[in-house]
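**Student:** Here's my sequence, what's the structure:
(one chain, ligands or ions: 2)
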Amino acid sequence: MYWISDDKVTWSEAVEECRNLYNNGHLVHIDNEEENNEVKAIRDQANRGYEYIWIGIHDSENEGVWTHEDGSRLTYVNWGNGEPTGGWGYEEDCGVIKDGHYNDVTCEEKYRFCCEYYVVIE
Ligand SMILES: [Ca+2]
Ligand SMILES: [Ca+2]
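**Tutor:** Ligands and ions are numbered 1, 2, ... in the order given. Here you go, the predicted structure:
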């Protein structure tokens, strides 16, 4: 399941909030094209088509090596044209998504964010 916040926070705050919100919740991991489309759809549904939304990828530990926020490997990426740009004299180490395409931006910027969580059916 996915959930998009109303409040705008930094990337680290988004990581933290997703962990606190739901059991096993985390800033969204987009693992394939299908999931990319789902996240795009719920973002569009929320009428936030022109806004960036934080997703769970970063390269703050090793410039140019993108991982999920928990350090796990990416299995899928969909960078926008010319992205990622960060790494030449300035820091753009955190990932956002818009229109299904990623951009790397400064982690201290504030955006809404998408959490992914799991529902246990008993
Ligand atoms: Ca970077
Ligand atoms: Ca960028």
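**Student:** what does the host helix or strand of Gly95 contact?
**Tutor:** When secondary structure is defined using DSSP states H and E, the element that contains Gly95 is strand 94-98. Contacts of strand 94-98 from elsewhere in the structure, counted by Cβ atoms under 8 Å, 6 or more residues apart in numbering, are 11, 30, 36, 39-40, 43, 49-58, 60, 66, 80, 102-107, 111, 114. C-beta here means a position set from N, CA and C on the backbone, and glycine is covered the same way.
**Student:** I'd like the next helix or strand past it.
**Tutor:** As assigned by DSSP H and E, the chain's next helix or strand after strand 94-98 is strand 101-105.
**Student:** Restricted to buried residues, select the contacts of strand 94-98 in PyMOL.
**Tutor:** A single PyMOL command suffices to select whichever of the contacts of strand 94-98 are buried according to 16 or more other Cβ atoms under 10 Å:
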select buried, resi 11+30+36+39+40+43+52+53+54+55+56+57+58+60+66+80+102+103+104+105+107+111+114
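**Student:** now the angle from the strand holding Gly95 to strand 101-105?
**Tutor:** Angle between the axes of strand 94-98 and strand 101-105 is 140 degrees (criterion: axes from the mean of the first three to the mean of the last three Cα atoms, to 10 degrees).
**Student:** Strand 94-98 close to ligand 1?
**Tutor:** No - Strand 94-98 stays out of contact with ligand 1 when judged by Cβ under 5 Å from the ion, the minimum separation being 8.3 Å.
**Student:** And whatever residue of the chain ends up closest to ligand 2, which helix or strand is it part of?
**Tutor:** Shortest the chain-to-ligand 2 distance, computed as Cβ to the ion: residue-wise this is Thr85, at 3.7 Å. Using DSSP H and E, Thr85 is not contained in any helix or strand.
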